[in-house]
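J.: quick one, what's the 3D model for this:
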Amino acid sequence: MDNESYQINIIDTPGHIDFTAEVQRSLRVLDGAIVVFDGGAGVQSQSETVWRQADNFNVPRVCFINKMDKMGANFELVLDSIKKRLTPLAVPAQIPIGEEDGFCGVVDLLRMKVLKFEGVEGEILKEEDPAGDLLEKAKTWRAKLVEKIAAEDDTLIEKYLSGEELTLEELRKGLRRATIACKIFPVFFGSLFKRIGVQPLIDAAVLYLPNPLDLPPVKGIDLKTGEPVERKPLDTEPFAALAFKIMTDPFVGTLTFFRIYSGRLVRGSYVLNSITGERERIGRILRMHADERQDLEEGLSGDILATVGLKNTVTGNTLCDEANPIILEKIVFPEPVIGIKIEPKTKADQEKMGSALKKLAEEDPTFKMKSDQETGEMIISGMGELHLEIIIDRMKREFKVDVNVGQPQVAYKETIKQEAEAEGKYIKQSGGKGQYGHVWLRVKPKERGQGFEFVNEIKGGIIPQEYIPATEKGVKESMDKGIVAGYQMIDIEATLYDGSYHEVDSSEIAFKLAGAMAFQAACKKAKPILLEPIMKLEVLVPEEYFGDAIGDLSSRRGKIEETKDRVGGLKVINSKVPLSEMFGYATAIRSASQGRGTFTMEFDHYAEVPQNIAQEIVEGKRK
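T.: You can find the predicted model right below:
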C-alpha cells in the first residue's frame, strides 16, 4: 500500500456472551468491524449473536479466519459454515497456502501475489508469483471474487460481461463500495500466533472498511423543534457526540468515552447533555491507547476520545452544542437474567460496598442491583454466572471490598394470560380532610418482549387529568412487586376506563393507591403465571459421549433442536434449556465427557414455567 498515514480507532470487545453489552455499545459507535473466527472451529454460537447485532446496526464487516496453523484448520469448512450460518455474501479476498503445520502464507487474489511473512512481528513482507497447482486454485477463487464484485456494480458488470479485464483499481473500488453497503463481506486468513496475514488485514481495514465520510449522516431529534434532524460528519457542523462507555480509572477518576459524530470539541469548552438538560465542562480531552493517555487540545468529527470528571453523564447520553441541541439514538441493552445475594463481610466493607456497586452499575448497563424489600438483602443481577463472578472479583481487586456470596438465582418474571377488569377504591375518613380515589382498570396480556403500556380512556373528566399519572405510578409500582411470587411483571397493557373523584378529598396519593389495588385485583383474575429465562445452548462433545450429553439435557427440561457433525469426530447439539436447570452444567458436561466437552450459552426468550415447578418456586419464595 501507499505510504499515506491513517488513523484507525480500535475497540476490542470480549467474545463471551455475558458481556454482550460491550459488543452492543461498540457496534453502535464504530463504522466497521473485523469479525475473527477460529480456523478449526468455524462459526460458534457467539459469532452468530455478534453477527446479528452487527446486522441490526448495519455495520460493514470483513472476516478474518485466524489459527490457520492449528490442528484441524480447514479454510473451506470454515468458509462453508460462515455462508450457511451467517451470510451467503462472504467471499475470500485471499486463499491460505498450506494448512495446519504447513500454513506459511496467503495469496492476495486481486493482485495474484503470494505473500510470505518474516521478522519478529511478521513485518517483512515477501511477494512472489503463484505457480503450478497454487496458481490454478488461485485463478478459480479469483474468478469467483471478480464476478461477485462486478455483479454489485452497474458499470463494472457491463465491462465484465463484454469480456474486458477489470483493473486492480476498479476491483478495489468496487469491493470497497460493496463492503460498505454490506453486499459483500471479504474474507482474509492468517495466524496471529505466527504473525502471518496481519499486515494485509490492517491494509484491508483501510481499503475496504468505511471512514466517517463514507457513511450516511447520523440521525437525531432536534430538541427545539422535536423534528428528526441529521448531522453530517464534518468539523464545520454543530458539535454532537454519544457517550458510550463509563469507566472508573484509579488514577484519573471517572473516564467517559465518546464518539464525535459532527463538529469539533475544544478543551475547556462547555457542552450540553441533552438527556439531562445539564451543562458539562470538558476539562481534558484524552486519546486512549490501552492504559496510556494522550492529552489533546481538541477533538474532531469521527474521533473516539475520552474525557474526565463529567458529573451527570451516563452510557447512551448525547453531548452536544448548547445552541443546537440534539438527541442521538440511544443504545438498547438486554435485561439481566441471573441474580445473586451478596452481603459485606465487615462493617467497614458495608460502607465501601454501596459506592463500589454504584460505580460498577454506572459502567455496565447490564449490571443491576436492588435490595430485597422483605429481607433487606442486596441482590445483584447480570447476564450470566461469569459476568457476576467478574463483578465480585473487581469489587475485591479494585475497590477492596470483601463480600459473602449466595447461590445464583434465576430472574423469573410474571405476566397474565387473559383479559380481566377490576375496581380499586381507596376511601379514608378520619376527621378533617379524607382520602378518596376510585378507578376501574382493564388488563390484558401483550406479546412477549413488548413491555408495559398504560392506556388512558377517561372521557369527559370523570377523573381529573392531574390524577391519571398518579394512577399509572400505582400500577407500575404494583408490577414491580408481582402477584404470584413477588417477581416483576412484564408484557401487560393496563387501561384506565372509569372511576370517580371527590371535590375535596381526592388526592394523587389516593389515586396511586386505588390504581395499585385495581391492578392487583385485575391481575389475580387474569390467570397470572410465572415466566423463566430460556437459554440457547450449543454443546460440543466427542461422538462417543453424544448419547450421555443428550440424556443429560433431556433431564434438564432441554428441547433438542438440531445435532450436527464437526471435524475431528465432534458432535454439536443445539438446544433450548431453562436457565434454572443449567447451574453447575460446566462440571456436569466435563465429567460426562472426560473433560473434552464444551458449551456456550446465551439468553433466548422468556417462557411459561410448568405448573408443578411454578408451585415449588412459589412455596420456596414463601419460606
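J.: residue 553 and residue 543: what is the separation?
T.: Using CB to CB, to the nearest Å, residue 553 is found at 16 Å from residue 543. For glycine as for every other residue, the C-beta is placed from the backbone atoms N, C-alpha and C.
J.: so which residues of the stretch 401-550 of the chain form helices?
T.: 468-481, 508-525, 546-555 (DSSP state H, counting those that start in this stretch).
J.: possible to save those helices as a markdown table with distance to residue 275 and mean neighbour count?
T.: Formatted as a markdown table, those follow (distance: least, CB to CB, whole Å; neighbours: other CB atoms under 10 Å):
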| stretch | distance to residue 275 | mean neighbour count |
| --- | --- | --- |
| helix 468-481 | 21 | 20 |
| helix 508-525 | 26 | 23 |
| helix 546-555 | 44 | 16 |
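J.: right, so of these, which gets closest to residue 73?
T.: helix 546-555 (23.6 Å; CB to CB).
J.: list the buried residues for stretch 63-70?
T.: 63, 64, 65, 66, 67, 68, 69, 70 (16 or more other CB atoms under 10 Å).
J.: can you give me the end-to-end distance of it?
T.: Taking CA to CA, to the nearest Å, stretch 63-70 runs 18 Å from one end to the other.
J.: just stretch 475-492 next, same as before
T.: Terminal-residue distance, stretch 475-492 (CA to CA): 11 Å.
J.: offset the numbering so it begins at 48, please.
T.: In the new count, where the first residue is 48, that last one comes out as stretch 522-539.
J.: thinking again about what came up before, reformat the helices of the stretch 448-597 of the chain as JSON lines; add mean pLDDT and distance to residue 252.
T.: Formatted as JSON lines, the helices of the stretch 448-597 of the chain follow (pLDDT from 0 to 100; distance: least, CB to CB, whole Å):
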{"stretch": "helix 515-528", "mean pLDDT": "92", "distance to residue 252": "46"}
{"stretch": "helix 555-572", "mean pLDDT": "94", "distance to residue 252": "53"}
{"stretch": "helix 593-602", "mean pLDDT": "92", "distance to residue 252": "40"}
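J.: how about CSV for those helices, with distance to residue 174 added?
T.: Listed next are the helices of the stretch 448-597 of the chain as CSV, based on distance: least, CB to CB, whole Å:
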stretch, distance to residue 174
helix 515-528, 65
helix 555-572, 71
helix 593-602, 47
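J.: right, so of the ones you listed, which gets closest to residue 144?
T.: helix 593-602 (35.4 Å).
J.: and the helix or strand that the closest one is followed by, what other elements does it pack with?
T.: Going down the chain from helix 593-602, the next helix or strand is strand 606-613, by DSSP states H and E. When contacts are defined as 3 or more CB pairs under 8 Å, 6 or more residues apart in numbering; DSSP states H and E, strand 606-613 sits against helix 593-602, strand 617-625.
J.: minimum distance to residue 222: which of those has it?
T.: The nearest among the helices and strands packed on strand 606-613, by CB to CB, is strand 617-625 at 32.6 Å.
J.: partner strands of the closest one, parallel or antiparallel?
T.: The strands beside strand 617-625 in its sheet (DSSP bridges) come out as strand 575-589 (antiparallel), strand 606-613 (antiparallel).
J.: show residues contacting that strand.
T.: Strand 617-625 is contacted by residues 92, 579-590, 593, 596-597, 600, 603-613, 648, 651, 654, 656 when judged by CB atoms under 8 Å, 6 or more residues apart in numbering.
J.: who's in contact with residue 153?
T.: 141, 142, 143, 144, 161, 162, 235, 236, 237, 243, 244, 247.
J.: so which bits of stretch 195-206 are buried?
T.: Applying 16+ other CB under 10 Å to stretch 195-206 flags 195, 196, 197, 199, 200, 203 as buried.
J.: and residue 221, how many neighbours?
T.: 23 (other CB atoms under 10 Å).
J.: phi and psi next, for it.
T.: phi -60, psi -40 (degrees, to the nearest 10).
J.: spatially central residue for this structure, please.
T.: By CA atoms, centre = their mean, the chain has its centre lying nearest to residue 71, at 3.3 Å.
J.: so which elements touch the helix or strand containing it?
T.: Using DSSP H and E, residue 71 maps to helix 67-76. Counting contacts by 3+ CB pairs under 8 Å, 6+ apart, helix 67-76 is packed against helix 92-103, strand 287-296.
J.: would you mark the buried spots in the first one?
T.: Going back to what we said before, that points to helix 92-103. 92, 93, 94, 95, 96, 97, 98, 100, 101.
J.: mean confidence for that helix?
T.: Here helix 92-103 scores 82 as its mean pLDDT.
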